[in-house]
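Here is a sequence together with a model predicted from it:
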Amino acid sequence: MEEAKVPLLTNIDRYCHPNDDSSLQAAFHKSNNLSFDADEDDIQPINGARDFFREFAAESKKLWYLAGPAIFTSICQYSIGALTQVFAGQVGTIELAAVSVENSVVAGFAFGMMLGMGSALETLCGQAFGAGQLNMLGVYMQRSWVILNATALVLMLVQIFAAQILRLIGQTPDISKWAGTFAVWMIPQIFAYAFNFPIQKFLQAQSKIIVMAIIAAVAIVGHALFSWLFMLKLGWGLVGGAAMLNASWWFIVVAQLVYIFSGTCGEAWSGFSWKAFQNLWGFVKLSLASAIMLCLEFWYFTSLVLFAGYLKNAEIAVDSLSICINVLGWTVMVAIGLNAAISVRVSNELGAGRPRTAKFSVVVVTLTSLVAGILLALVLLISRKQYPALFSNSEEVQRSVYDLTPLLVACVIINSVQPTLSGVAIGAGWQAYVACVNIICYYVFGIPIGLVLGYVLNMGVQGIWIGMLSGITVQSLVLLWMIYKTNWDKEASIARDRIKRWGGETDPQ
């Protein structure tokens, strides 16, 4: 068998050894053919600092062309729920707790499932686009619509019985009642998710990011204005918040569909097709792997708010922690934008047969996201005394948020890198393996540590958060190790086989 070519910026000795086949590669990337002829447009090996900085500048331009609008879009879409939470805090503490629990636990469960299942398209659409098979992108999106809307019907039951579920897992009667009522009002949002996330991945794969940013900007401006009007000015409270949340998400969906149906996507959208109902089981398996990978991350943060509800003075604990998670969510949107960008870059380059370029993209995005996280952390430290008042009128809640800020800052730095590493995994199609890593790092390691610190050692919210931070740190280190050990020539070969399989040349397994 021909020896695999040497990936960029990797120890050459490991690939020159004739018997080298690490357990990670054997377990994670099975392939019958390890040799791969890279495209002639792939970047050349880097031999010095001058080569590195030249390629770094060139790759940064490509990355930020995608990441800039993606970050803006992510911030706007995240802010739709976050602004509702801010306005709810001005209505009252029980309203803030209700919206926080519904957003974090109930809607967070649905959001994680839908985003995760939709993320299967980042692998398939991205690699198909890189390989020039544009005609399959629309079919993939329609298959995802079928699967996600079927999932939404099941998730609707969680919304309907949210109050009973929250009460069963130990939330206070008042928080359970208010959050459960709000959850029922938010059922239309689940089906908006089912359409929105496949659409986003479809457009991202083609680098059509600007239009998504424009639509998101219009949505957040309208949401802020009308949420203030209905929730505060007219005194509708949570009813007004629910109405505007549903309306804003459906506006995004309809506007994006109008853009796609207008013919601006060329061969990628050729109309509805019965192919959307073919090979659904194979598509479901990849979608579920993607969902499990991302849901384990979303639910990990959700568990923080849930466990805080069991502490003494639960309302203050939930409010303060929810505010910190809210702020963390805004900062993580930068990493989420970079996540989307690197997923597109890796999947496109692997699909096009350029493994060295794919790997160098990972180097650039990791360094970029780390610098961005440090800058955001400094902003939080500087405004430590000011920002809590934006979220709550309660001085007790503000003091609690102030005390949690050092942990929030540490979490911002770690979470600036972790989502970008997950984006690499999605672009390469490693979802099932990362899901196993997440289970061990988050649920076997992080949560038990948090529970011991929070309850046994009486460290409260801070102890729970320290445990969560420990799990994220370990998970990020494991992902870095996986990426370092990866043979990118092999990944490009796997991508080529995947495109043939899902393009209909062979039957998907």
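Happy to help now that I have it. Computed from a predicted structure; not experimentally measured. Residues are numbered from 1 along each chain as shown.

Just the element for the residue minimising distance to the centre of the chain, please.
Nearest to the mean C-alpha position of the chain, counting by C-alpha atoms, centre = their mean, stands Ile336 at 5.8 Å. Secondary structure from DSSP states H and E places Ile336 in helix 314-351.

Could you point out the helix or strand that follows that helix?
Assigned by DSSP H and E, the successor of helix 314-351 is helix 355-382.

Quick one: list the elements packing against that next one.
helix 49-91, helix 314-351, helix 395-428, helix 488-502 (3 or more C-beta pairs under 8 Å, 6 or more residues apart in numbering; DSSP states H and E). To be clear about C-beta, it is placed using only N, CA and C from the backbone, and glycine gets the same treatment.

Quick check: which of the ones you listed is nearest to Ala224?
Ala224 sits nearest to helix 49-91 of all the helices and strands packed on helix 355-382, at 5.6 Å, using C-beta to C-beta.

That closest one to helix 395-428, inter-axis angle?
On the basis of axes from the mean of the first three to the mean of the last three C-alpha atoms, to 10 degrees, helix 49-91 is oriented at 140 degrees to helix 395-428.

re earlier: now the helix holding Ile336: average pLDDT?
In this model, helix 314-351 has a mean pLDDT of 77.

again, but for stretch 360-371
Stretch 360-371 comes out at a mean pLDDT of 87.

Over to stretch 140-160?
Here the average pLDDT along stretch 140-160 is 89.

Please save the CA atoms from it in CSV.
Coordinates of each C-alpha in stretch 140-160 appear next as CSV, following Å, rounded to 0.1, in the frame of the first residue of the first chain:
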residue,chain,number,x,y,z
TYR,A,140,-30.0,17.3,1.5
MET,A,141,-31.8,20.3,2.9
GLN,A,142,-35.2,18.8,2.1
ARG,A,143,-34.3,15.5,3.7
SER,A,144,-33.3,17.5,6.8
TRP,A,145,-36.6,19.3,6.8
VAL,A,146,-38.5,16.0,6.8
ILE,A,147,-36.4,14.6,9.7
LEU,A,148,-36.4,17.7,11.8
ASN,A,149,-40.2,18.4,11.5
ALA,A,150,-40.9,14.8,12.5
THR,A,151,-38.6,15.4,15.5
ALA,A,152,-40.5,18.6,16.3
LEU,A,153,-43.7,16.7,16.6
VAL,A,154,-42.1,14.6,19.3
LEU,A,155,-40.5,17.6,21.1
MET,A,156,-43.9,19.3,21.2
LEU,A,157,-44.9,16.9,23.9
VAL,A,158,-42.0,18.2,26.1
GLN,A,159,-43.3,21.7,25.7
ILE,A,160,-46.9,20.7,26.5
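
how distant is it from the center of its chain?
Here stretch 140-160 is found 18 Å from its chain centre; the criterion is C-alpha atoms, centre = their mean, to the nearest Å.

same question, stretch 224-244
28 Å.

Tell me which residues are up against that stretch.
For stretch 224-244, the surrounding residues in contact (C-beta atoms under 8 Å, 6 or more residues apart in numbering) are 83-84, 87-88, 90-91, 95, 98-99, 178, 181-182, 185-186, 223, 247.

and which of those residues is nearest to Ile472?
Comparing those against Ile472 with C-beta to C-beta places Val99 closest, at 24.9 Å.

Now do the contacts for that closest one.
Per C-beta under 8 Å, 6+ apart, neighbours of Val99: 84-85, 88, 179, 182, 238, 241.

circling back: quick one: the residue nearest to the centre of the chain and Val344, what's the gap?
13 Å (C-beta to C-beta, to the nearest Å).

for Val456, same thing?
45 Å.

higher neighbour count, the two?
Taking other C-beta atoms under 10 Å, Val456 and Val344 do not tie; Val344 has more neighbours (30 against 9).

Would you check that the more buried one makes contact with Tyr65?
No: here Val344 does not reach Tyr65: they are 10.1 Å apart, not a contact under C-beta atoms under 8 Å.
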